[in-house]
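[1] Take this sequence and fold it.
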Amino acid sequence: MNHLKSVFLISICILAVSCGTRYTNDATILRAESLLNSKPDSTYHILSSISHPEKLSKADYAAWCLLYTHAQYKLYMDIKSDSIIRIAVDYYDRTKLCKQNGTAYYLFGCIQRAKKHRKEALIAFKKANQLLEKTQEIDLIGVIRFNIGDIYLEDEIFNQSLSNYKKALNCFIRSKNTKYQAYAYRQIADMSFRLRCPFDKVMYYSNIALKLSKQAGDTINYYSILAQQGEMLYDKDYLRSKECLLKVFRYFPALKANHATLLSYIYSKLHQPDSAKYYLNISIKEPVESKYKVVQYFLEAYVTRDGGDIRKAFNLYEKAYSIRNAFFKETVKNQLYQLDKQYDLTQKEKENATLKIDNRNKVIVITLFTIVFLIGLIVFITLHNRNKSNRIILDMENQRLHFEVEKKKTENEKKNEILLSKLQNKVENTLQFNRLKMGITSSDKLEAFLEEIKKQSMISDSEWKYYMEEINNIFDNKLSHLMNSYPQLTDKDLNVITLICLKLDISDCCNLLNMTKNALYHRRNIMKERMSINKDKDLEEWVWEYLISEFKDE
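    As a prediction, this is how the structure comes out:
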C-alpha cells in the first residue's frame, strides 16, 4: 500500500512539473502561430479575438503574450508597454523551452531598443542569443547579432559592431537567407569604411550586398546600397559616384538635397558648370546635413564669385569655414569618445579575464586537494602545482606587461593622428587663405577678415607649446632630454624637430613655419652645427634614431 502511494505521489509531481513547463496545446494559439511568418496580420486578429486571455492557463497565456507581441512587432506597431512580453519572459525563464525563452528575450530587447534603452536592450539580446544557440533558429540568432551590431554602432564602438555584423552574416549564410545577407554585407561595408579599411575591401563588401539585394528583389535595400556607394565614392571616383547618385536621386525624397549637393560637387569637378548649377539650385531649396553644408557653401561661393558678386561669395566662404571648423572639432571629440569607449570595453574584458583566472585557480586548488587525498603524493603534487602556479603568474605578468605596452602604443598612435589632423587642418586653412586672398578686392572689412583667417592658419606660440608637450609625452620625455643636452637650440629649432617627429613633408613644414624651403634647409644646417651632427647625416634620420630608438623592437 505504501509502495503504491509513493508511486502515485511521484506521478503527480511529474505531471505537475510537466504541465508547468509545457508550451501550449491551445488549437487557436497554435493556428495563430502557424500564420505568424506568412500572415502576421491574421495572427494578430486571431489572438485579438480571444476574450480574456489572462484567464487561460499559465502556459497558454504565456504563449498568447509571446505570439501577440511578436505579431505586433512584425506589423510595425508602436508597442508602448513591455508588460505583456514580461509575462512571457517571466514564465519561460522557469522552463527549459529555449526557443520560446530566447524569442521572448529578443522581443523584450526590441521594445527596449525602441524606447532608446540601449543598455537594457543589449542585455536582453545577449541573453536571447545565449538561449537560442541551443536551438536551430539560425535566422533569429543572426537578427539578434545584427541588432547587437546596431547598438554598438549607435554607441560608436565600431570594432564590436563589425564583429557582430560578421557573426550575423555567418548565420544568414548558414540559413541561405539572401535578403538578410545583403543587409549584413551592407553594414560590414559601412563599418569597414568608418574604420578606414582599404577602400577596395569596402567596395568588395558593398558590391556583394548590391548583388544579393538585387537577387532577393529587395528594392529598398538595393537603392540604399547604391546611395551608400555614391556617398563613399564622391571624392574618389567622380564617374562611378555620379552613376550611383543619379539612380537613387528621385528614389529617396528625404535625401534628395544631400544627393543634389554631391552631384553638384561632382559635376563641378567634371567641368560641367551647367549641371553643377542645376543640382546646386535643388540643393539650396531644402535643408541638408551639416557634413554636406560645407560643400554646399563652397560651391555656392564659387558660383557667386564667378558671377561677380564678391561680397556675397565672401559671406558664403565665411559660413563654410565656420561650419567646417565646428565639424572638425566634433570629429576630434568623437575620436576621443571612441577611444574612451574602447578603453572601457577593454577594462571590462580584462576584469572578466581576471575572474575566469580566479575561478580556474579555485578549480586547481580543489583538484590539488582531491589528488592529495586520493593518491597521497603530497610532496610531488605540491611541487608540481607550485611550479605550475609560478608559470601561470609569470604568463599573467607577461600578458599584463604586453597589454600595457600595446595600450600605450595605441594611445600614442591615436594622439599622433589627432596632432597630425590638427596640423593638416592648419595647412589646408593656409592654402585656402592664399586662394581667397587672390580672389577678393581689398577693403577695411575684408582686410580684417583676412587677418583673422591668417591667425587661424598660422600656429601660435601656445599651440607650438601644446604640440611639443604632446610629442614629449609620446616619446617618454626625450624631447626634454634633447633640450637639456643641447641648450643652444632655439624655440624655432624645436618647432622643426616637432614637425619631423610628426613625419610632415618639407612643403607642409614650410607652410606651418611660414618659411621658404631655402630658409628651412638653412635652419636645418644650423641645427646640425648646434648639435654637432655631421653635415652629411640626414636630420630626420638622426632625430628618429635619437627619439624613438626604444620603439624599434616593438
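[2] And the regular element (helix or strand) spanning residue 498, what does it pack against?
    Per DSSP states H and E, residue 498 falls inside helix 491-501. Using 3 or more Cβ pairs under 8 Å, 6 or more residues apart in numbering; DSSP states H and E, the elements in contact with helix 491-501 are helix 461-474, helix 478-485, helix 506-513, helix 517-530, helix 539-547. For glycine as for every other residue, the C-beta is placed from the backbone atoms N, C-alpha and C.
[3] Mean confidence (pLDDT) on the first one, please.
    Same thing as helix 461-474. Helix 461-474 comes out with an average pLDDT of 77.
[4] Skipping adjacent residues, who's closest to residue 26 in space?
    Nearest residue to residue 26 in three dimensions, chain neighbours excluded: residue 60, at 4.7 Å (Cβ to Cβ, 6 or more residues apart in numbering).
[5] host element of the one you found?
    Element membership of residue 60, judged by DSSP H and E, is helix 58-74.
[6] which parts of that helix are buried?
    59-73 (16 or more other Cβ atoms under 10 Å).
[7] chain center to the next helix or strand after that helix, what's the gap?
    Next in sequence after helix 58-74, counting helices and strands by DSSP H and E, comes helix 83-92. Relative to its parent chain, helix 83-92 has a centroid offset of 33 Å by Cα atoms, centre = their mean, to the nearest Å.
[8] For helix 83-92, name the packing helices and strands.
    Helix 83-92 packs on helix 58-74, helix 98-114, going by 3+ Cβ pairs under 8 Å, 6+ apart.
[9] Let me have the ones you listed in a markdown table, adding mean pLDDT as columns.
    Output for these, formatted as a markdown table (pLDDT from 0 to 100):
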| stretch | mean pLDDT |
| --- | --- |
| helix 58-74 | 93 |
| helix 98-114 | 93 |
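[10] Can you tell me which of the ones you listed is nearest to residue 220?
    helix 58-74 (16.9 Å; Cβ to Cβ).
[11] so residue 40 makes contact with residue 68?
    No. Residue 40 is not in contact with residue 68 according to Cβ atoms under 8 Å; the separation is 10.8 Å.
[12] For the chain, spot the helix or strand the model is least confident about on average.
    Least confident helix or strand, the chain: helix 2-20 with a mean of 45, by mean pLDDT, DSSP states H and E.
[13] Which helix or strand lies directly C-terminal to it?
    Toward the C-terminal end, the helix or strand that comes next after helix 2-20 (DSSP H and E) is helix 27-34.
[14] picking up where we left off before, the residue nearest to residue 26 reaches residue 29, doesn't it?
    Yes. Using Cβ under 8 Å, residue 60 is in contact with residue 29, at 6.3 Å.
[15] Would you list the phi and psi of residue 115?
    phi -90, psi 0 (degrees, to the nearest 10).
[16] Please tell me how far it sits from residue 72.
    15 Å (Cβ to Cβ, to the nearest Å).
[17] Then residue 112?
    Relative to residue 72, and taking Cβ to Cβ, residue 112 is found at 15 Å.
[18] can you pull the contacts of the spatially most central residue of the chain?
    Taking Cα atoms, centre = their mean, the centroid of the chain lies closest to residue 158, which sits 2.2 Å from it. Counting by Cβ atoms under 8 Å, 6 or more residues apart in numbering, residue 158 touches 152, 191, 194, 195, 338.
[19] tell me which element the first one falls in.
    When secondary structure is defined using DSSP H and E, the element that contains residue 152 is helix 138-154.
[20] Next, the angle from that helix to helix 98-114.
    Going by axes from the mean of the first three to the mean of the last three Cα atoms, to 10 degrees, helix 138-154 is angled at 30 degrees with respect to helix 98-114.
[21] what pLDDT does the closest residue to residue 492 other than its chain neighbours get?
    Here the nearest residue to residue 492 in space, its sequence neighbours aside, is residue 523; by Cβ to Cβ, 6+ apart that works out to 6.8 Å. We have a pLDDT of 87 for residue 523.
[22] And the nearest residue to residue 46 once chain neighbours are set aside, how far from residue 495?
    Nearest non-adjacent residue to residue 46, counting by Cβ to Cβ, 6+ apart: residue 32, 4.2 Å away. Distance, residue 32 to residue 495, using Cβ to Cβ: 75 Å.
[23] CA atoms of whatever helix or strand residue 131 lives in as PDB?
    Assigned by DSSP H and E, residue 131 belongs to helix 118-132. Taking C-alpha atoms only, helix 118-132 is exported to PDB below (Å, rounded to 0.1, in the frame of the first residue of the first chain):
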ATOM      1  CA  ARG A 118      20.200  50.600 -25.200                       C
ATOM      2  CA  LYS A 119      21.800  49.100 -22.200                       C
ATOM      3  CA  GLU A 120      18.700  47.000 -21.300                       C
ATOM      4  CA  ALA A 121      18.200  46.100 -24.900                       C
ATOM      5  CA  LEU A 122      21.800  44.900 -25.200                       C
ATOM      6  CA  ILE A 123      21.500  42.700 -22.100                       C
ATOM      7  CA  ALA A 124      18.200  41.200 -23.400                       C
ATOM      8  CA  PHE A 125      19.700  40.500 -26.900                       C
ATOM      9  CA  LYS A 126      22.800  38.800 -25.400                       C
ATOM     10  CA  LYS A 127      20.500  36.600 -23.200                       C
ATOM     11  CA  ALA A 128      18.400  35.700 -26.200                       C
ATOM     12  CA  ASN A 129      21.500  34.800 -28.200                       C
ATOM     13  CA  GLN A 130      22.700  32.600 -25.400                       C
ATOM     14  CA  LEU A 131      19.400  30.700 -25.200                       C
ATOM     15  CA  LEU A 132      18.800  30.400 -28.900                       C
END
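[24] which secondary structure elements does that helix contact?
    helix 98-114, helix 138-154.
[25] Using a markdown table, lay out those helices together with mean neighbour count.
    A markdown table is the format used below for those (neighbours: other Cβ atoms under 10 Å):
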| stretch | mean neighbour count |
| --- | --- |
| helix 98-114 | 22 |
| helix 138-154 | 22 |
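[26] Now distance to residue 534 too, for the ones you listed, in CSV please.
    Output for the helices and strands packed on helix 118-132, formatted as CSV (distance: least, Cβ to Cβ, whole Å):
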stretch, distance to residue 534
helix 98-114, 65
helix 138-154, 53
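[27] Of all these, which one is nearest residue 172?
    helix 138-154 (4.8 Å).
[28] which other residues reach the closest one?
    102-103, 106, 109-110, 113, 118, 121-122, 125-126, 128-129, 132-133, 158, 160-165, 167-172, 174-175, 177, 180, 183-184, 187, 191.
[29] After it, which helix or strand is next?
    Following helix 138-154 in sequence, per DSSP H and E, is helix 158-175.
[30] Tell me the helices and strands packed up against the helix or strand just after that next one.
    Counting by DSSP H and E, the next helix or strand C-terminal to helix 158-175 is helix 178-194. Counting contacts by 3+ Cβ pairs under 8 Å, 6+ apart, helix 178-194 is packed against helix 138-154, helix 158-175, helix 199-216, helix 219-233.
[31] Tell me what angle helix 178-194 forms with helix 219-233.
    For helix 178-194 against helix 219-233, the angle by the same axes, to 10 degrees is 20 degrees.
[32] Off-centre distance for helix 178-194?
    So, by Cα atoms, centre = their mean, the centroid of helix 178-194 is 13 Å from its chain's centroid.
[33] and if you look at stretch 362-376?
    On Cα atoms, centre = their mean, the centre of stretch 362-376 falls 47 Å from the chain's centre.
[34] List the buried residues for that stretch?
    368, 371, 372.
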